[in-house]
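In: Sequence unavailable; structure follows:
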Ligand SMILES: Nc1ncnc2c1ncn2[C@@H]1O[C@H](COP(=O)(O)OP(=O)(O)OP(=O)(O)O)[C@@H](O)[C@H]1O
């Protein structure tokens, strides 16, 4: 078992109109966790707590073996953080920022920074205030990556990037993971990005963690089953049914607990299995959130 880069246990944070509710989350070293949630679900709050920028009201947080927020100074030496909160100096150039960060962090890798300048098509002599939004995001990612931190906390790193830039950034993140001692947690609205590069997935909704698991296991468990139910048969009781749509004769069943025995069960009960379709991460997220919201309205 790898060491844990992140360990949150029962972490809560209350704002006037929001509760981050007992979040428990472990992230083994060498993994990449995609953190998915709707607007206002609590992604940034969770990441800020991990960075020591927001103090939790209850629960414990350890990042790279350091208790947060008490030991944040030591922890931050090894965390690369990219978010909207991060302000670069508009009047200074990207080169100035690179020199500044290189002077603080001994592991700064200039050759890697230079390579990223090329790959991200950034000009070091350009002032930050002259950069487009997407260029600023890429600059912030470059500054975080070239420090070679053990943990990258990236809050919406691909938002606002064009498809080519997004692909470049995702490729760089995957390259980071070739070093098994480095770990990434990144939030995104873009489930395609998350599905592409994560090996673990967390879903958060209205301040609660509603799923945290291996991506392949999650994708394996969820299926849409299209059945034909003849008049002589009845719809069998299936495990993990989250939603039934379609008609009585042609139901479409969404299940979170699919296994091959489910198909045998349907056939044994006289129904015809027309198809068993895998679901995208986005479909799984939406079905998961909707079914929980029906059970527990706000
Ligand atoms: N400093 C604060 N004071 C009061 N409420 C806050 C504060 N910070 C966050 N919140 C509230 O906490 C909730 C969660 O916000 P958070 O930024 O964590 O969500 P998010 O999942 O990152 O959303 P988005 O995808 O829209 O960025 C929101 O309702 C927000 O208004």
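Out: Okay, I see it. No experiment lies behind these values; they were computed from the predicted model shown.
In: quick one: low-confidence parts of the protein?
Out: 1-2, 298 (pLDDT under 70).
In: for the ligand, what are the nearby residues on it?
Out: Neighbours of the ligand within the chain, by Cβ under 6 Å from any ligand atom: 15-18, 37, 39-45. (C-beta placed from N, C-alpha, C; glycine too.)
In: So what touches stretch 247-258?
Out: Defining contact as Cβ atoms under 8 Å, 6 or more residues apart in numbering, one finds that stretch 247-258 is touched by 220-230, 235, 238-246, 262, 274, 276, 279, 284, 287-288.
In: If you count neighbours, what's buried in that stretch?
Out: 251-256, 258 (16 or more other Cβ atoms under 10 Å).
In: List buried residues within the residues of the chain next to the ligand.
Out: 37, 41-45.
In: Return the subset of the residues of the chain next to the ligand lying in helices.
Out: 43-45 (DSSP state H).
In: Hmm, residue 202 and residue 214 touching each other?
Out: No: using Cβ atoms under 8 Å, residue 214 is not in contact with residue 202, being 11.2 Å away.
In: which residues in the stretch 151-298 of the chain form strands?
Out: Secondary structure of the stretch 151-298 of the chain (DSSP state E, counting those that start in this stretch): strands at 151-155, 183-188, 200-205, 208-214, 223-228, 241-246, 251-255, 272-278.
In: Touching, residue 172 and residue 116? I think so.
Out: Yes: counting by Cβ under 8 Å, residue 172 touches residue 116, with 7.0 Å between them.
In: Could you name every residue contacting both of those two?
Out: residue 145.
In: Compare neighbour counts for the two and give me the winner.
Out: residue 116 (22 against 19; other Cβ atoms under 10 Å).
In: which residues touch the more buried one?
Out: 122, 142, 145-146, 172.
In: Report the buried residues of whichever strand or helix holds it.
Out: Following DSSP states H and E, one finds residue 116 within helix 110-119. Residues 112-113, 116-117 are the ones in helix 110-119 that count as buried (16+ other Cβ under 10 Å).
In: Distance check, residue 157 against the ligand.
Out: 13 Å (Cβ to the nearest ligand atom, to the nearest Å).
In: what's near enough to touch the closest residue to residue 63 other than its chain neighbours?
Out: Among residues not flanking residue 63 along the chain, residue 75 sits closest, at 4.8 Å (Cβ to Cβ, 6 or more residues apart in numbering). By Cβ under 8 Å, 6+ apart, the contact set of residue 75 is 52, 63-64, 66, 68.
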